[in-house]
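> below: sequence and its predicted model.
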Amino acid sequence: MNHQDLPGLYVGGRYRDGAASERYEVLDPATGEVISSRTEASVDDVDDAVATAKAAYAQWSTTSPGERSTVLTRWAAELTEMSDDLASTETRQTGKPIKLSTEFDVPGSIDNVSFFAGAARNLEGKASGEYSPDHTSSIRREPVGVIGSISPWNYPLQMAAWKILPAVAAGNTIVLKPAEITPLTSLLFAEAATRAGLPDGVVNVITGRGATTGASLVSHRDVSMVSFTGSTPVGRQIAAAAAGKRLHLELGGKAPFVVFDDADLEAAINGAVAGALINSGQDCTAATRAYVQRPLFDDFVAGVASLMDTVRLGDPSDPGTDMGPLVSRRQQQHVAGFVDRARDTGAKIVRGGAVPGGDLASGFYYEPTLVVGADQSSEIVQREIFGPVLVVLPFENDADGIALANDTDFGLAASAWTRDLYRAQTASRDIAAGCVWINDHIPIISEMPHGGYKASGYGKDMSTYSLDEYTNVKHVMSDITGTARKDWHRTVFGDRH
């Protein structure tokens, strides 16, 4: 089957078309051409997917950790066999450079599967013991039930993995709704699980718009937990719609990039450009606000502008391309609007700030853009742009730099650049973010958690911490005295015998 012709649903280990009358299109962001068109899941389709996951839960939730681990290990092997196919499909539907798909998205996703194959056998809890003299206490880690998950369009394969793997490793079943504009690799990911021996119905994928398919999923009575990655405004809507369910929300970001005056300037310049432009800036942890201490400010701006000039825009399937298009025309217009309004209110566009023409005009490209002179309170500094735009502002002293970094509603990620151990430790403590890098920006690893503070959501992806999100903790307390009349019964029976 041609991946472009994949039906939009993968339920119970089988592909099928959605039953809704509405259709949506998947476009090639580099050309604007339609890759595929399909019908979205109807309310009945959502009901069926959830019912399928609920039926599969009875078996999967009682399998041993070793059995789950074995299936996940085979799943990683299946994905490794199809890694080239996954990379090319991811690039085609998202527009990200093939070298990013090949070197980051696909191997990172496979590593996640391998990690959770091991983590499935390592659910931790407090040691059993006599915390009360007359009882032995123990902790059970139990799966939550059917998980309803919604993943975003910027990293479709990786985000599908981040949603599915901890849930399944902990014994849950899942219904995933990927973004309707980038569903293809999520479907392939689920199909590979079936070939690896995952029981039918444990992982199900339904596609459609958030306002219809997504809304039906998160409010479904048989969904025990909702996990969402996306924007903060939509996250708030989902929290309201899923009231009464467990929630896991990884939301927006506005990562500060704090450069102290003793930093390695060359390293900071390279880190800023890479951190701002990865995936065309469509990354919730991307470096978007660089705060540079005054002595380095001018040289930093000049160095970033010069390095941005070398970034090659072009065909994402070409291994020589550094930056591809944005995911859609709508996103291109969204990014351009931020830059145009900043220019109109007095900010200076040092580099970029335009939609390229020529051979790139038919795609959804936007130039790497460097902005200075924006006000700290302006929208380009405070709101998530999700594009290849870096705003640079100066600061005077360490306290000022940290205060500016924290002056945002978001708290997903940040970085601090300094040669001073004490400055680094202070920054890592005082910056309010779920991840703080020192002298780097962006790297993630399966063993460490990803998740934010403040309006960036709550809950962790990756690492064994994510297993906490997808398990219920049950305290089991057993009497060890064998006596019928317990000492505490005096509070009810008094001194009667």
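Nice, I can see it.

> contacts for the helix or strand containing residue 467, please.
Assigned by DSSP states H and E, residue 467 falls within helix 465-469. When contacts are defined by C-beta atoms under 8 Å, 6 or more residues apart in numbering, helix 465-469 is touched by residues 119, 123, 141, 162, 166, 169-170, 227, 246, 248, 449, 459-460. To be clear about C-beta, it is placed using only N, CA and C from the backbone, and glycine gets the same treatment.

> after it, which helix or strand is next?
Downstream of helix 465-469, the first helix or strand assigned by DSSP H and E is strand 471-479.

> what helices or strands is that next one leaning on?
Packing contacts for strand 471-479, counted by 3 or more C-beta pairs under 8 Å, 6 or more residues apart in numbering; DSSP states H and E, involve strand 135-143.

> so for the strand it packs on, what's the average pLDDT?
The predicted model assigns strand 135-143 a mean pLDDT of 94.

> can you list the domains in the chain?
As assigned by the TED database, the chain contains the domains 9-252+456-476, 256-438.

> can you give me the end-to-end distance of the first one?
Going back to what we said before, that points to domain 9-252+456-476. From its first residue to its last, domain 9-252+456-476 covers 40 Å (C-alpha to C-alpha, to the nearest Å).

> do the same with the last one
Between the opening and closing residues of domain 256-438 we find a distance of 12 Å, counting by C-alpha to C-alpha.

> ok so, going back, going by neighbour count, which of the contacts of helix 465-469 comes out on top?
Counting neighbours by other C-beta atoms under 10 Å, residue 166 comes out on top of the contacts of helix 465-469 with 31 neighbours.

> now the strands for the stretch 101-250 of the chain?
Along the stretch 101-250 of the chain, the segments classed as strands by DSSP state E, counting those that start in this stretch run 129-132, 135-143, 146-150, 173-177, 203-205, 225-229, 246-250.

> so which of those gets nearest residue 406?
With distances scored as C-beta to C-beta, the stretch of the strands of the stretch 101-250 of the chain nearest to residue 406 is strand 246-250 (19.7 Å).

> between strand 146-150 and the closest one, find me the angle.
Relative orientation of strand 246-250 versus strand 146-150 (axes from the mean of the first three to the mean of the last three C-alpha atoms, to 10 degrees): 30 degrees.

> C-alpha coordinates for strand 246-250, PDB please?
The C-alpha coordinates for strand 246-250 follow below in PDB (Å, rounded to 0.1, in the frame of the first residue of the first chain):
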ATOM      1  CA  ARG A 246      -6.500  12.500  34.600                       C
ATOM      2  CA  LEU A 247      -4.600  15.000  32.400                       C
ATOM      3  CA  HIS A 248      -1.200  15.100  30.900                       C
ATOM      4  CA  LEU A 249      -0.500  18.400  29.100                       C
ATOM      5  CA  GLU A 250       2.700  19.400  27.300                       C
END
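
> ok, then the element right after that strand?
Counting by DSSP H and E, the next helix or strand C-terminal to strand 246-250 is strand 255-259.

> using JSON lines, lay out the domains of the chain together with distance to residue 494.
Listed next are the domains of the chain as JSON lines, based on distance: least, C-beta to C-beta, whole Å:
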{"stretch": "domain 9-252+456-476", "distance to residue 494": "20"}
{"stretch": "domain 256-438", "distance to residue 494": "53"}
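
> quick one: closest of those to residue 482.
Closest approach to residue 482 among the domains of the chain (C-beta to C-beta): domain 9-252+456-476, 9.9 Å.

> does residue 386 count as helix, strand or coil?
Here residue 386 is recorded as coil under DSSP: H, G, I helix; E, B strand; the rest coil.

> check the one 4 residues further on too.
For residue 390, the reduced secondary structure class is strand; criterion used: three-state DSSP.

> test my guess that it contacts residue 278.
No: between residue 390 and residue 278 there is no contact under C-beta atoms under 8 Å: 11.6 Å.

> higher neighbour count, the two?
Using other C-beta under 10 Å as the criterion, residue 390 and residue 278 rank with residue 390 on top: 29 against 22.

> what pLDDT does that one get?
Looking at residue 390, its pLDDT is 98.

> residue 497 too?
60.

> give me the neighbour count for residue 483.
Residue 483 has 9 neighbouring residues, counting by other C-beta under 10 Å.

> same question for residue 462.
Residue 462 has 25 neighbours, counted by other C-beta under 10 Å.

> quick one: residues contacting residue 166.
Contacts of residue 166 by C-beta under 8 Å, 6+ apart are 116, 119, 461-462, 466-467, 469-470.

> from the chain's centre, how far out does the helix or strand hosting residue 76 sit?
For residue 76, the element it lies in under DSSP H and E is helix 65-81. Relative to its chain's centre, helix 65-81 lies at 22 Å (C-alpha atoms, centre = their mean, to the nearest Å).

> quick check: buried residues in that helix?
By 16 or more other C-beta atoms under 10 Å, the buried positions in helix 65-81 come out as 65, 68-76, 78-79.

> in JSON lines, list those residues along with pLDDT.
Formatted as JSON lines, the buried residues of helix 65-81 follow (pLDDT from 0 to 100):
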{"residue": "65", "pLDDT": "94"}
{"residue": "68", "pLDDT": "96"}
{"residue": "69", "pLDDT": "97"}
{"residue": "70", "pLDDT": "97"}
{"residue": "71", "pLDDT": "97"}
{"residue": "72", "pLDDT": "98"}
{"residue": "73", "pLDDT": "98"}
{"residue": "74", "pLDDT": "98"}
{"residue": "75", "pLDDT": "98"}
{"residue": "76", "pLDDT": "98"}
{"residue": "78", "pLDDT": "98"}
{"residue": "79", "pLDDT": "98"}
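
> now render those as CSV, adding distance to residue 56.
What follows is those, written out as CSV (distance: C-beta to C-beta, whole Å):
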residue, distance to residue 56
65, 17
68, 13
69, 18
70, 17
71, 13
72, 16
73, 20
74, 18
75, 16
76, 21
78, 19
79, 21
